[in-house]
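Novice: sequence isn't available, so here's the structure alone:
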Ligand SMILES: Nc1ncnc2c1ncn2[C@@H]1O[C@H](COP(=O)(O)OP(=O)(O)OP(=O)(O)O)[C@@H](O)[C@H]1O
């Protein structure tokens, strides 16, 4: 998964410089996810009152595939916020482009100042989406899209920031397993962690009101069409 402007989101995956590289890699384990202790986010709305668009779903559901296509089709419309992280830069990663790389003390200070819309801790490092980073996307006249996991979704929902929540659902756990295996990015334990986490995400998505839109990614063309049309409805102000 991710990071978050998560292009890449997959730990260990090569970072191609594109929107994907902005995405925070999805945790291979969520055991250490920090629960939100943050109060309401107080952020300026996106351009022309456009809400933040939050895309979530199990690892392997197809989020990156859909977002990459959306960004390619509308290169000037959307933007990923640049996340903060306490991990070290990998080769080719640039400060302020792929991440804001900060020391742990700085990250903790930002948490104490309620600077994040959502943040998480995994694999000994912190990752977070700051309010300023989202504001920066809006200041460029773009609609900000977040690609985040379930705990991040819950944190954004606790904020007062206007947002639309889209959940990408795999047709089945078996199909998800096949896609993750086909992607070839996971070890056996990482694959099992992601499938275990997927079960929790599907349970959460089944709760009424957890998301504004749930799209099953079975046939990719059909899914993309629904995904595209729903998001463009938000951009054009036609989606409630
Ligand atoms: N509808 C589909 N049918 C078959 N394969 C698909 C479909 N959608 C995506 N895939 C494939 O499934 C794999 C997982 O997709 P993708 O990497 O986009 O998932 P993701 O939700 O972004 O995962 P992560 O959160 O781990 O980054 C990829 O190999 C992708 O090509």
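Specialist: Arrived safely, thanks for sending. Keep in mind that this is a model prediction, so the values were computed, not measured.

Novice: beta partners for residue 95?
Specialist: Judged by DSSP bridges, the bridge partners of residue 95 are residue 99.

Novice: surely it meets residue 85?
Specialist: No - applying C-beta atoms under 8 Å, one finds residue 95 not in contact with residue 85, separated by 10.7 Å. For every residue, glycine as well, the C-beta is placed using N, CA and C.

Novice: list residues touching both of the two?
Specialist: Contact criterion C-beta atoms under 8 Å, 6 or more residues apart in numbering; residues bridging residue 95 and residue 85 by contacting each: residue 101.

Novice: neighbour count winner among those two?
Specialist: For residue 95 against residue 85, the residue with the higher neighbour count under other C-beta atoms under 10 Å is residue 85, and the figures read 23 against 11.

Novice: tell me the bridge partners for the more buried one.
Specialist: Where residue 85 sits in a bridge, its partners, by DSSP bridges, are residue 101, residue 127.

Novice: contact partners for it?
Specialist: The contact partners of residue 85, by C-beta under 8 Å, 6+ apart, come to 3, 24, 99, 100, 101, 102, 125, 126, 127, 128.

Novice: highest neighbour count among these?
Specialist: With neighbours defined as other C-beta under 10 Å, the most crowded of the contacts of residue 85 is residue 24; it has 32 neighbours.

Novice: need the pLDDT of that residue.
Specialist: Residue 24 is assigned a predicted lDDT (pLDDT) of 51.

Novice: run through who's touching the longest helix belonging to the chain.
Specialist: The residue-count maximum for a helix in the chain (DSSP state H) belongs to helix 188-205. The set of residues that contact helix 188-205 without belonging to it, under C-beta under 8 Å, 6+ apart, is 26, 28-30, 56-61, 149-150, 167, 169-170, 173, 176-177, 180-181, 186, 210-211, 214.

Novice: chain center to the helix or strand just after that helix, what's the gap?
Specialist: Reading on from helix 188-205 to the C-terminus, the next helix or strand found by DSSP states H and E is strand 213-216. Average the C-alpha atoms of strand 213-216, do the same for its chain, and the two points are 16 Å apart (C-alpha atoms, centre = their mean, to the nearest Å).

Novice: give the next helix or strand downstream of strand 213-216.
Specialist: Moving toward the C-terminus from strand 213-216, the first helix or strand encountered (DSSP H and E) is helix 220-235.

Novice: counting contacts, what elements does that following helix pack onto?
Specialist: Counting by 3 or more C-beta pairs under 8 Å, 6 or more residues apart in numbering; DSSP states H and E, the packing neighbours recorded for helix 220-235 are helix 63-73, strand 163-169, strand 213-216.

Novice: could you dump the ones you listed to TSV with mean neighbour count?
Specialist: TSV is the format used below for the helices and strands packed on helix 220-235 (neighbours: other C-beta atoms under 10 Å):
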stretch	mean neighbour count
helix 63-73	19
strand 163-169	22
strand 213-216	17
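
Novice: can you redo these as CSV with distance to the ligand and mean pLDDT?
Specialist: Rendered in CSV, the data for those read as follows (distance: least, C-beta to the nearest ligand atom, whole Å; pLDDT from 0 to 100):
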stretch, distance to the ligand, mean pLDDT
helix 63-73, 3, 97
strand 163-169, 6, 98
strand 213-216, 9, 98
